[in-house]
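next input, structure requested:
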Amino acid sequence: MFAYYLVLAWRSLRRSRVLSALMVLAIGLGIGASMTMITVLHVMSGDPVPGLSAKLFVPLLDPRDASHAAQSGGQDTPDGFTWTDVTNLLRAHRGDAQAAMASGYAAVRPASANLHPFFEDGQYVTAEFFRMFAVPF
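Numbering: from 1, shown residues only. Model (predicted):
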């Protein structure tokens, strides 16, 4: 019986080659998309800082007045802190170790005189960052 179904399938594939190729392509794309999403879910659900995630906390501040925060429902809070907020948080010593981090650009002047200076992306951190995240310096 199985051989009969194989013969029928082969005849159908030969009779409509374009439709069969499109079906195989659609099934292949579906399997590929599914496996990609499963892989992304697996990677994103992992521990971002193994061994340290349970001990790390990020402060959230909304420096605006209460009326503006009530109008927005707290949905559009600012992403970063001002310099004053960061220095006040570091001076408060609310944690065993505290680190401030910021992104920015730095001007780089190469040692060779025939190369032009350029800007490079970078991360600015305080000294505790290296101990908190076990980053070699």
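
please confirm that residue 107 is located within a strand.
Yes - membership of residue 107 in a strand is supported by DSSP: H, G, I helix; E, B strand; the rest coil.

residues near it, how many?
Residue 107: 8 surrounding residues under other CB atoms under 10 Å. The way it works is simple: take the backbone N, C-alpha and C, and place the C-beta from them, glycine included.

okay but it is in contact with residue 121, surely?
No - in this structure, residue 107 is not within contact of residue 121 by CB atoms under 8 Å, at 12.0 Å.

torsion angles phi and psi at the spatially most central residue of the chain?
Nearest to the geometric centre of the chain sits residue 44, at 8.2 Å (CA atoms, centre = their mean). With angles defined as degrees, to the nearest 10, residue 44 sits at phi -70, psi -20.

kindly report the same for residue 133.
The phi/psi pair for residue 133 (degrees, to the nearest 10) is phi -100, psi 10.

if we can go back for a sec, now do the same for the residue nearest to the centre of the chain: its pLDDT.
According to the prediction, residue 44 has pLDDT 89.

domain parsing of the chain, as residue ranges.
Following automatic domain parsing, one finds the domains of the chain at 2-44, 53-132.

pick out the shakiest of those, pLDDT-wise.
Lowest mean pLDDT within the domains of the chain: domain 53-132, a mean of 83.

chain center to that one, what's the gap?
Remark: domain 53-132 is offset 17 Å from the chain centroid, using CA atoms, centre = their mean, to the nearest Å.

quick thing: my sequence starts at 38, can you match it?
Will do, 38 is the new start, and the previous item becomes domain 90-169.

gap between the two ends of that domain?
Counting by CA to CA, to the nearest Å, you get 11 Å between the two ends of domain 90-169.

and stretch 121-141, by the same measure?
17 Å.

for that stretch, which positions count as buried?
123, 126, 135, 136, 137 (16 or more other CB atoms under 10 Å).
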